[in-house]
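# Using only what follows, build the 3D model:
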Amino acid sequence: MAWNSASFESILATILAALFAVAGVVNLAGRGAAKRDFARWGYPAWFQLLCGALELLSAALLPGQQTRVLGLTLAGAIMIGALFTLLRNREPFRHLAPALIFSALIVVTVAFRG
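Numbering: from 1, shown residues only. This next block holds a predicted model:
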């Protein structure tokens, strides 16, 4: 199989979809560290559920060629909000690193869209 930018983009989108699906499930479960973090950041309980639902929606949109731009846009918006929250609350780098990795994957995927 010859590798081209379209196939690499699809692989990256699939990886992103899996990551956002896991994040969405964690937030929708509404337990543990995620629940404590949202409360510590001053967000109401429903906001964690909204974030989880949006993460799952993004995950569902990313694999499809026709819906990928919308999925990337939504994922990017989610990550802007997450990074803003983490920086505003002066979270340590270990909390910031996953958000930076998710964001970098979004940027690289967009770059491969050409």
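# what's next to the one helix or strand A34 maps to, contact-wise?
Secondary-structure element containing A34, defined by DSSP states H and E: helix 32-40. For helix 32-40, contacts defined as Cβ atoms under 8 Å, 6 or more residues apart in numbering pick out 26-27, 45, 47-48, 89. C-beta: built from backbone N, CA, C; applies to glycine.
# can you check stretch 59-77 too?
So stretch 59-77 is contacted by 9-10, 13-14, 16-21, 24, 54, 57-58, 102-103, 106, 109-110, 113 (Cβ under 8 Å, 6+ apart).
# Selection in PyMOL covering whichever of those are buried, please.
Buried members of the contacts of stretch 59-77, defined by 16 or more other Cβ atoms under 10 Å, are picked up in PyMOL with:
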select buried, resi 9+10+13+16+17+19+20+21+24+54+57+58+102+103+106+109+110
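# Take the contacts of stretch 59-77 and keep only those in helices.
Taking DSSP state H as the definition of helices, the contacts of stretch 59-77 contribute 9-10, 13-14, 16-21, 24, 54, 57-58, 102-103, 106, 109-110.
# now this protein, which segments are flagged as low pLDDT?
For the chain, applying pLDDT under 70 flags the ranges 1-3, 114.
# one step back: for the helix holding A34, the distance to its chain's centre please.
Offset of helix 32-40 from its chain centre (Cα atoms, centre = their mean, to the nearest Å): 17 Å.
# List the buried residues for the strand or helix carrying L70?
Taking DSSP H and E as the definition, L70 sits inside helix 68-88. Residues of helix 68-88 classed as buried: 68, 71-72, 74-76, 78-79, 82-83, 85-86 (neighbour count, 16+ other Cβ under 10 Å).
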